[in-house]
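Asks: For reference, the sequence and a predicted model appear below.
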Amino acid sequence: MSTWQSALLGIRTSGDYFISTFLFGVMFGIAAAAIGIENWQAMLMSASVFTASGQFAALEFWQAPLPLGTIALSVTLVSSRNLLLGMAMTHHFDGHSLRRRLVLLFLLNDPGVVNSFRMDDEVDRLGYVTGYGVSMMTSWLCSTFLGLNAAHLFATLDLGAVDFAGPLVLATMMMLFFKNSKTKPTPWIVAGIVALILFEFGMADYLVLLGSVVAGMIVAIIQVRRAYG
Amino acid sequence: MVETNATLIAIAMMASILYLTRITGYFIGLQLRHIRGIQPVLEALPGCAFMAILAPAVRQGSISEMIAMTCVVLIMWRSNNVVLATGTGMAVLLLGGPYLDAG
């Protein structure tokens, strides 16, 4: 399947996460308007940064004078999982020029990567993830615009309950991993247990993330060593 | 009110950070790919990161959040329907939250 056809497949299969991304985009638009960011600035941020968690993290510190260092650190920590998404795709973006990979990696996105593992081998993964990313970007921009312009309608609503929407969407992706994985899910289970233990010890979020990913990686390496004898 | 210049600098900085996180992981992977059997290890990493975020979120969740999460997991297990799962979870949070978490 060509890159173009795979991109179209990515767009066609992205409907589920298009909707959930739309929800977050509206929430981001409302939050940005409430903080006083101008509409064009919020749209520019959504178009160039393209990440829900990172943008929400930045909004928490959005007041004059802007604490650039704090925002940078916060966005880096929240977005560090992109490093792992990129690593996971290492063997799947072959056959493309370095320039094309560098350009299209801008659209690397969680649901695109997760769903690409469900596709047949004939699907071009870079094209698929890019198509998925185009769909997510469209959803993100349209919904940010809607949220910015409809913020006054939601001013009286308590949107606190929606804070947990992030983990819910993450759980859907995790279930796709569990159901479609060709290997045992032991690394993920161990990572979850380690995360709980570190959380109970009151560790900072980034240490919980680091500790559980390292634990999961060690288990995955042990699994591979056993498989290879 | 934040100045326009400061806003533009912050947005440019955020965009650069995000792009760097996206390409850096990929290029680290390219340096490791010659190691025999590394592919399944690399492919397991995003799931580990998801679990690292999910497990503490559920642990400190309220009753309605735990029920919402259970609904999402069960619906995904049975149907793989992301919209139905997320919609049900959100409905539990929005409609059941005020009653389940009261007191």
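Replies: Ah, there it is. Keep in mind the model is a prediction, meaning the values are calculated, not measured.

Asks: what's the neighbour count on A:Thr76?
Replies: 19 (other CB atoms under 10 Å in any protein chain shown). (Glycine included, C-beta is placed from N, CA and C.)

Asks: Quick check: it vs chain B, distance?
Replies: 5 Å (CB to the nearest CB, to the nearest Å).

Asks: element containing that residue?
Replies: Under the criterion of DSSP states H and E, A:Thr76 resides in helix A:68-78.

Asks: and if you look at B:Gly47?
Replies: Going by DSSP H and E, B:Gly47 is part of helix B:38-59.

Asks: quick one on the thing from earlier: downstream of the helix holding A:Thr76, the next helix or strand is which one?
Replies: helix A:81-88.

Asks: Off-centre distance for the helix or strand following that following helix?
Replies: Per DSSP H and E, helix A:81-88 leads on to helix A:98-104 as the next helix or strand towards the C-terminus. Put simply, helix A:98-104 sits 19 Å off its chain's centre (CA atoms, centre = their mean, to the nearest Å).

Asks: swap in stretch A:25-45?
Replies: Distance, centroid of stretch A:25-45 to centroid of chain: 19 Å (CA atoms, centre = their mean).

Asks: Briefly note if it comes near chain B.
Replies: Yes - against chain B, stretch A:25-45 shows contacts by CB under 8 Å from any CB of the partner chain at A:Gly36, A:Ile37, A:Glu38, A:Gln41, A:Leu44, A:Met45.

Asks: Check what pLDDT the last one gets.
Replies: The model reports A:Met45 with a pLDDT of 95.

Asks: same thing with the second one?
Replies: We note a pLDDT of 91 for A:Ile37 in this prediction.

Asks: Name the SS class of it, please.
Replies: coil (DSSP: H, G, I helix; E, B strand; the rest coil).

Asks: what comes up buried for stretch A:181-198?
Replies: Along stretch A:181-198, these residues count as buried under the neighbour rule (16 or more other CB atoms under 10 Å in any protein chain shown): A:Ser181, A:Pro185, A:Pro187, A:Trp188, A:Ile189, A:Val190, A:Ala191, A:Gly192, A:Val194, A:Ala195, A:Leu196, A:Leu198.

Asks: and chain B, which of those reach it?
Replies: A:Ser181, A:Pro185, A:Pro187, A:Trp188, A:Ile189, A:Ala191, A:Gly192, A:Val194, A:Ala195, A:Leu196.

Asks: Mind checking which of those residues are in helices?
Replies: A:Pro187, A:Trp188, A:Ile189, A:Ala191, A:Gly192, A:Val194, A:Ala195, A:Leu196 (DSSP state H).

Asks: Is it possible to get TSV of the residues you listed that adds pLDDT?
Replies: TSV is the format used below for these (pLDDT from 0 to 100):
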residue	pLDDT
A:Pro187	93
A:Trp188	93
A:Ile189	94
A:Ala191	94
A:Gly192	94
A:Val194	95
A:Ala195	94
A:Leu196	94
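
Asks: export those to TSV and tack on distance to A:Ala31?
Replies: Formatted as TSV, those follow (distance: CB to CB, whole Å):
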residue	distance to A:Ala31
A:Pro187	35
A:Trp188	31
A:Ile189	34
A:Ala191	30
A:Gly192	29
A:Val194	32
A:Ala195	27
A:Leu196	29
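
Asks: nearest to A:Gly211, of the residues you listed?
Replies: Here the nearest of those to A:Gly211, counting by CB to CB, is A:Val194; it sits at 5.6 Å.

Asks: Read off the pLDDT value for residue 33.
Replies: By default, I'm working from chain A. Confidence for A:Ala33, expressed as pLDDT, is 89.

Asks: nope, chain B please
Replies: Predicted confidence (pLDDT) for B:Arg33: 89.

Asks: what's the answer for A:Ser14, then?
Replies: Confidence for A:Ser14, expressed as pLDDT, is 92.

Asks: From what I see, it and A:Met137 are in contact.
Replies: No - at 10.5 Å, A:Ser14 and A:Met137 do not qualify as touching, with contact defined as CB atoms under 8 Å.

Asks: Neighbour count: these two, which is higher?
Replies: A:Ser14 (24 against 17).

Asks: Ignoring the adjacent residues along the chain, who's closest to the spatially most central residue of chain B?
Replies: By CA atoms, centre = their mean, chain B has its centre lying nearest to B:Phe50, at 5.7 Å. Excluding the flanking residues, the one nearest B:Phe50 by CB to CB, 6 or more residues apart in numbering or on different chains is A:Met174, at 4.8 Å.

Asks: Can you get me a residue count around the one you found?
Replies: For A:Met174, using other CB under 10 Å, the count is 24.

Asks: which residues in chain B form helices?
Replies: Using DSSP H, helices in chain B cover B:4-32, B:38-59, B:63-79, B:82-91, B:97-100.

Asks: actually chain A, not the one I wrote
Replies: Counting by DSSP H, the helices of chain A are A:3-12, A:15-35, A:39-49, A:52-59, A:68-78, A:81-88, A:98-104, A:110-116, A:125-149, A:165-180, A:186-200, A:205-228.
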